[in-house]
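Novice: Need a 3D model of the sequence below.
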Amino acid sequence: MSIGDLRNKIELERLKTVAGEVPQDNTGREIKDWEKWRDAWAKIAPMSGAARFAQVADQPYSYMDTVITIRYVEGVKSTMRVKHGDDYYSIEAIRDLNNRHVTLELICKSWNDAEENNR
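Specialist: Take a look at the predicted model:
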């Protein structure tokens with residue numbers, strides 16, 4: 001990977017916690033409040049040319065599988081998400097290429113619905 005490939009500045013975000021736990025509302029649902037964990041330079045590329053469509057709570061939305069490549073950062077977890085401009089990506093899987101701690105591939109889903117960005 002050349003340095004020129006990493007031309008997108010991203011933010012890795014994690015859920016805010018209180019005393020190590022995600023806060024809940026009075027019905028027991030988690031209150032998802034995201035905070036910036038760190039910045040990184042990334043290559044963002046779709047895995048395929050097709051968006052997938054799904055139906056959740058009677059609302060259609062589309063998503064696309066995306067690969068985000070960054071330099072190795074210890075501590076990245078699949079519970080985090082990526083922010084790039086106004087776009088958000090949920091991290092589905094993390095690959096340490098060749099197990100050398102040089103490059104990470106984040107297998108992500110990008111969502112078109114702002115409500116889904118609270119995942």
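Novice: residue with max distance from the center of this structure?
Specialist: Residue farthest from the centre of the chain, counting by Cα atoms, centre = their mean, is Asn26 at 27.6 Å.
Novice: Show me where the protein has its strands.
Specialist: Listed from the start of the chain, the chain has strands (DSSP state E) covering 8-15, 34-46, 52-56, 59-71, 81-84, 87-96, 103-111.
Novice: With only the CA atoms kept, save the fifth one in CSV.
Specialist: Read it as strand 81-84. Extracted C-alpha coordinates of strand 81-84, given in CSV (Å, rounded to 0.1, in the frame of the first residue of the first chain):
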residue,chain,number,x,y,z
ARG,A,81,-17.8,3.0,14.0
VAL,A,82,-16.0,5.1,11.4
LYS,A,83,-17.0,8.7,10.5
HIS,A,84,-15.9,10.2,7.2
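Novice: re earlier: the strands of the chain: which one's closest to Val22?
Specialist: Shortest separation from Val22 across these is recorded for strand 8-15, at 5.5 Å, computed as Cβ to Cβ. Where C-beta positions appear, they are placed from N, C-alpha and C, glycine not excepted.
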